[in-house]
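1. Predicted model and sequence follow; I will ask about them next.
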Amino acid sequence: MRPIIEFCASNMHNGTEKVMKALEQNPDFDVIEYGCLGNCGQCYMEPYALLNGEIIAAENADLLHELILAKIKDIEAMYDLLSD
């Protein structure tokens, strides 16, 4: 399962550009930047991204990066359990 991580270009002022760039380095992730993800209120207030369509938000960009990676590990663990 390849995680799809989507970022809003308008959210880059919250530091998500460095998170996006770091995640793009992993060839197992599909990282996509859109002009707008339609979550304008949230986009204005905090760093966030969509992971497989689910909103992941945090107080700062570093925490967002950690939460995304943790959620990916959780998803991978669930897939491993289901495939056993």
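-> Sure, I can see it.
2. I'd like to know which elements the longest helix seen in the chain is packed against.
-> Criterion DSSP state H: the longest helix present in the chain is helix 61-83. Helices and strands touching helix 61-83, by 3 or more C-beta pairs under 8 Å, 6 or more residues apart in numbering; DSSP states H and E, are helix 16-24, strand 48-51, strand 54-57. Using the backbone N, CA and C atoms, a C-beta is placed for each residue, glycine as well.
3. right, so these: which one is the most enclosed?
-> Stretch with highest mean neighbour count among the helices and strands packed on helix 61-83: strand 48-51 (a mean of 22; mean count of other C-beta atoms under 10 Å).
4. Report the strands that pair with it, each with its relative direction.
-> Note on strand 48-51: by DSSP bridges, its sheet partners are strand 4-8 (antiparallel), strand 54-57 (antiparallel).
5. Name the residues that touch it?
-> 3-8, 11, 14, 16, 19-20, 37, 39, 42, 55-58, 64, 68, 71-72 (C-beta atoms under 8 Å, 6 or more residues apart in numbering).
6. Format the strands paired with strand 48-51 as TSV; extra columns: mean pLDDT and distance to E33.
-> Below are the strands paired with strand 48-51 laid out as TSV (pLDDT from 0 to 100; distance: least, C-beta to C-beta, whole Å):
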stretch	mean pLDDT	distance to E33
strand 4-8	98	5
strand 54-57	97	15
